[in-house]
Each structure stands twice: as structure tokens, then as C-alpha cells.
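J.: my questions are about this predicted structure, shown below with the sequence.
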Amino acid sequence: MQAKLTSNIVNWSLTLVIVGIIALVSNWIGQEIMPQKAVPGILALMGIALVGMIIQKLVPLNIPSIAYIGILGLILTIPGVPGSAQLVHWTHNVELMALCTPVVAYAGISIGNSWADFAKLGWRTVVVGLVVLMGTYVGSAVVAQIVLKLQGII
């Protein structure tokens, strides 16, 4: 059990680091928030996600880790909880769309169940996957731009 949990934590940490880096770049390019401003918020979100996933493995209930992550994030940001104001300040510098990009990308990759399995598919699969993800992202951005312009929001 301990070895499996340790293996899971290593895999989750690697995934969170990759998602964090992509989110930092997306936040910088898409929202013009400098990475050094967003790093504390990204690290806080990564920590909350990691702790939530660990709790899910340790608690003997059949509840998805996203529930633990959401509850933990909610509790940590309640006004009056020590550190909540700082946590809210840090995460204020991380835009939602910057987080959506890597999460959706990882959801597509997770079909292979792990990064190691994904890497075994070969470099051509990686290239095709990246092209598909970029095409989806750019297509979504174009549609969003058109709809927001038509509605007069931007």
C-alpha cells in the first residue's frame, strides 16, 4: 500500500508540475500576467490538488478526489481561516482559462492512463496529439472571440 501510494504521489506530482508550467505559460501569454506573479498561486493550487488526491487514497470512502480537492480549497479560502487572505491573493493572479488548457490536454492524454504509457506510443503520437490540442484550443478561442464580439462584450 505504501509503495503504491508513493508511486501515485510521484506520478501526480509530475503531472501537476507539467500542468503548472503550461498554466504559467498560458497565464502569461493569454492574460499577460507575469509568471513570477502567478507562481505562488499555481504552487498553492498544485499543493491543494496533491493533498486532495492523497486524502482520497487514505480515506476508505468511495468519493472522487475532485470532491476532496474542492472541499479542501473551499475550507482554505473561508474568510477567517489562517492564511486564507494570502491564498486568495496568490490565486487571484491565476486566470481560469490558463488552468483549463492543461487540464483538458491532460484529460485527453489520460486515456493512456499514465505518461509512461503515453510515451511508449511514440513521438508521432505526441506530435499528432499536440497538433490536435493546439487546433482545438485555437478553434475554441476563435469561436469565443466571434461570440463575444457579436454580443458586444469585447
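T.: Ah, there it is.
J.: hey, which helix is longest across this protein?
T.: Ranked by residue count and defined by DSSP state H, the top helix of the chain is helix 2-31.
J.: which elements pack onto that one?
T.: Where contact means 3 or more Cβ pairs under 8 Å, 6 or more residues apart in numbering; DSSP states H and E, helix 2-31 is packed against helix 35-58, helix 96-109, helix 115-120. C-beta here means a position set from N, CA and C on the backbone, and glycine is covered the same way.
J.: looking at those, which is buried most?
T.: helix 35-58 (a mean of 18; mean count of other Cβ atoms under 10 Å).
J.: helix or strand with the lowest mean pLDDT in this protein?
T.: Lowest on mean pLDDT, DSSP states H and E among the helices and strands of the chain sits helix 115-120, with a mean of 66.
J.: so how far is the helix or strand where L148 lies off the chain centroid?
T.: Secondary structure assigned from DSSP states H and E places L148 in helix 123-150. Put simply, helix 123-150 sits 18 Å off its chain's centre (Cα atoms, centre = their mean, to the nearest Å).
J.: can you check stretch 83-100 too?
T.: 12 Å.
J.: for stretch 55-72, same thing?
T.: So, by Cα atoms, centre = their mean, the centroid of stretch 55-72 is 17 Å from its chain's centroid.
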